[in-house]
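K.L.:
task: produce atomic coordinates for the following.
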Amino acid sequence: MGQARSPADLEYAVMMAILNFHTEFMKSNYSHVQVQLSDDVINATITRNGAVPAEARLAQSEEGRALLRQVHEAMFTSCQDVLMERIERVVERRVRTMVTSLDPVSGRSSITIRL
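P.N.:
Alright, predicted model coming up:
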């Protein structure tokens, strides 16, 4: 087991793991990342740095927003094992589930990680 870390250090390490994952695998740039840790749940909110013009246009209709959410979730699911491994390394606990959702209009993505 690693050395004890303060909650702020742990929160920062989780934030960096999530941010690096999204930068590497989702190829998105983010302007704001917020992480909240509790005993068994990590909630992260990530706000994208500007919209991709085609996505912004697609987000103008409900069908387009649904499609963007579906694509985001499919991309996340395809490589979530990488993020899961990174989070487990940081928190030194097993991740049971991870769920993501996207607000296509704001570009804000949420991740709920259950330990």
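
K.L.:
who's in contact with the spatially closest residue to R65 that is not a sequence neighbour?
P.N.:
Excluding the flanking residues, the one nearest R65 by Cβ to Cβ, 6 or more residues apart in numbering is P104, at 4.5 Å. All C-beta atoms are positioned from the backbone trio N, CA, C, and that covers glycine. Applying Cβ atoms under 8 Å, 6 or more residues apart in numbering, one finds that P104 lies in contact with E55, L58, A59, G64, R65, L68, R69, H72.

K.L.:
which single one of the residues you listed is nearest to L115?
P.N.:
H72 (23.0 Å; Cβ to Cβ).

K.L.:
beyond the helix ranked longest in the chain, next helix or strand please.
P.N.:
Across the chain, the longest stretch assigned as helix under DSSP state H is helix 62-91. Using DSSP states H and E, the helix or strand that follows helix 62-91 towards the C-terminus is strand 97-103.

K.L.:
partners of that following strand in the sheet?
P.N.:
Sheet pairing here is set by DSSP bridges, and for strand 97-103 it gives strand 108-114 (antiparallel).

K.L.:
can I get the strand it pairs with in CSV, CA atoms only?
P.N.:
Taking Å, rounded to 0.1, in the frame of the first residue of the first chain, the C-alpha atoms of strand 108-114 are listed here in CSV:
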residue,chain,number,x,y,z
ARG,A,108,-20.0,19.4,-20.1
SER,A,109,-19.3,15.7,-19.4
SER,A,110,-20.0,13.9,-16.1
ILE,A,111,-18.4,10.7,-14.9
THR,A,112,-19.7,8.8,-11.9
ILE,A,113,-17.2,6.2,-10.6
ARG,A,114,-18.3,3.7,-7.9
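
K.L.:
make JSON lines out of the contacts of P104 and add neighbour count and distance to N43.
P.N.:
Compiled in JSON lines, the contacts of P104 are given as follows (neighbours: other Cβ atoms under 10 Å; distance: Cβ to Cβ, whole Å):
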{"residue": "E55", "neighbour count": "19", "distance to N43": "24"}
{"residue": "L58", "neighbour count": "18", "distance to N43": "27"}
{"residue": "A59", "neighbour count": "21", "distance to N43": "23"}
{"residue": "G64", "neighbour count": "16", "distance to N43": "27"}
{"residue": "R65", "neighbour count": "17", "distance to N43": "22"}
{"residue": "L68", "neighbour count": "20", "distance to N43": "21"}
{"residue": "R69", "neighbour count": "17", "distance to N43": "18"}
{"residue": "H72", "neighbour count": "19", "distance to N43": "17"}
